[in-house]
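In: Starting from these lines, generate the structure:
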Amino acid sequence: MLVTGGGTGMGRAMSLRFAREGAAVIVNYARSRDDAEATVREIEALQPSLGAGSAALQGDVTSEAGVKAMIAEIETRFGRLDILVNNAGWSTRVPHHKLEDLTDEIWDRTLDTNLRGAFYCVRAAMPLLRKSPAPAIVNVASAAAFSSAGSSIVYAASKAAMVSMTKSLARAFAPQVRVNAVCPGLIRTRFAGWPEEAFEQAREVTPIGRLVTVEDVAGLVFFLAVEATSMTGEAILADGGVYQLGRSR
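Out: Numbers count the residues shown, from 1 in each chain. As a prediction, this is how the structure comes out:
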């Protein structure tokens with residue numbers, strides 16, 4: 001299986017969760033080589049019997065050529081790909097009312113990473129996935145896709161588009177390839193540089209009384225990829241009930 005952005009944050013938790021279940025994990029990274037290689041060392045410690053079955057592979061998802069090269073290397077080295085998790089993402093915080101601060105550079109980098117990058121990975125991986133007996137794709141979107149909140153207007157838009165793309169892909173490649181999405185709320189990672197007070201405020205209005213963790217999301221991704229064989233085209237919220245139940249307990 002391949003986890004894009006698999007060496008840090010949610011991606012690291014996903015990589016380790018699948019490894020604990022016996023999967024050989026390709027941990028993709030664009031710039032965080034040390035983190036990716038550290039994650040692979042953890043995987044190898046968890047499952048020494050797999051030996052060279054897991055690896056860290058560099059590839060910037062915003063580069064179609066880079067993505068194609070990464071998938072080609074996976075095919076050459078491992079001969080198969082059963083699961084693709086499109087986790088790589090980027091954002092920077094821009095208050096929604098500050099329209100002038102939402103520059104073309106931010107628009108382009110956000111959409112290129114969060115949406116176009118996921119599409120590049122799907123397009124490059126699809127021929128290899130379709131050779132698998134039980135292929136699955138899980139796209140990591142965001143609760144912002146439904147609430148239109150989040151770190152910026154373009155971030156929310158990119159994740160809403162990812163949910164739409166998930167449904168389109170699920171329809172296009174059914175019944176052979178299942179395609180689903182998970183939509184986390186605010187999670188305590190270094191993503192987007194949220195200040196500590198933002199996490200505390202989010203916890204106070206989360207109906208389950210705590211923030212969703214990276215391990216929670218990893219478990220849901222594993223469920224969608226492996227266990228939810230009757231599900232495709234779904235986008236599952238993982239925000240502790242904030243969106244469905246309101247922002248107060």
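In: in the sheet, who's paired with Asn28?
Out: Counting by DSSP bridges, Asn28 is bridged to Leu57.
In: how much space between it and Asn86?
Out: Per C-beta to C-beta, to the nearest Å, Asn28 is found 10 Å from Asn86. Where C-beta positions appear, they are placed from N, C-alpha and C, glycine not excepted.
In: Next, show the common contact partners of these two.
Out: 4, 61 (C-beta atoms under 8 Å, 6 or more residues apart in numbering).
In: Quick one: mean pLDDT over the helix ranked longest in the chain.
Out: Longest helix in the chain, counting residues (DSSP state H): helix 153-173. The pLDDT scores in helix 153-173 average 98.
In: Just the buried residues of it, please?
Out: 153-163, 165-167, 169-170, 173 (16 or more other C-beta atoms under 10 Å).
In: what does stretch 127-147 give?
Out: Buried-residue list, stretch 127-147, by 16+ other C-beta under 10 Å: 128-129, 135-147.
In: So which of those sit within strands?
Out: If you go by DSSP state E, the buried residues of stretch 127-147 have 136-140 in strands.
In: a markdown table for those, including pLDDT?
Out: Putting these into a markdown table (pLDDT from 0 to 100) gives the following:
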| residue | pLDDT |
| --- | --- |
| Ala136 | 98 |
| Ile137 | 98 |
| Val138 | 98 |
| Asn139 | 98 |
| Val140 | 98 |
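In: May I ask which two of those residues are separated the most?
Out: Farthest-apart pair in these is Ala136 and Val140; separation 13.5 Å (C-beta to C-beta).
In: helix/strand/coil for Gln176?
Out: Look at Gln176: counting by DSSP: H, G, I helix; E, B strand; the rest coil, its state is coil.
In: mind listing the strands for the chain?
Out: Per DSSP E, the chain carries strands over the ranges 2-3, 26-29, 55-58, 83-86, 136-140, 178-184, 235-238.
In: Export the ones you listed as TSV, with columns for distance to Glu105.
Out: Listed next are the strands of the chain as TSV, based on distance: least, C-beta to C-beta, whole Å:
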stretch	distance to Glu105
strand 2-3	27
strand 26-29	22
strand 55-58	23
strand 83-86	23
strand 136-140	23
strand 178-184	26
strand 235-238	28
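In: among the ones you listed, which is the most enclosed?
Out: Mean neighbour count (mean count of other C-beta atoms under 10 Å) peaks for strand 2-3 among those, with a mean of 30.
In: What pairs with that strand, parallel or antiparallel?
Out: strand 26-29 (parallel), strand 83-86 (parallel).
In: Tell me where the model's unsure across the chain.
Out: Along the chain, the parts satisfying pLDDT under 70 run over 49-52, 191-193, 247-249.
In: which stretches of it form helices?
Out: Assignment of helices within the chain using DSSP H yields the ranges 9-20, 33-46, 64-78, 104-111, 117-129, 144-147, 153-173, 196-204, 214-222, 242-245.
In: What is the nearest of the ones in strands among the buried residues of stretch 127-147 to His97?
Out: Val140 (27.1 Å).
In: who's in contact with that closest one?
Out: Counting by C-beta under 8 Å, 6+ apart, Val140 has contacts 10, 85-87, 89, 181-182, 184, 217, 221.
In: Throw those residues into JSON lines and include distance to Ala45, thanks.
Out: Shown next, in JSON lines, are these (distance: C-beta to C-beta, whole Å):
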{"residue": "Met10", "distance to Ala45": "20"}
{"residue": "Val85", "distance to Ala45": "21"}
{"residue": "Asn86", "distance to Ala45": "26"}
{"residue": "Asn87", "distance to Ala45": "22"}
{"residue": "Gly89", "distance to Ala45": "27"}
{"residue": "Ala181", "distance to Ala45": "31"}
{"residue": "Val182", "distance to Ala45": "26"}
{"residue": "Pro184", "distance to Ala45": "27"}
{"residue": "Val217", "distance to Ala45": "22"}
{"residue": "Val221", "distance to Ala45": "21"}
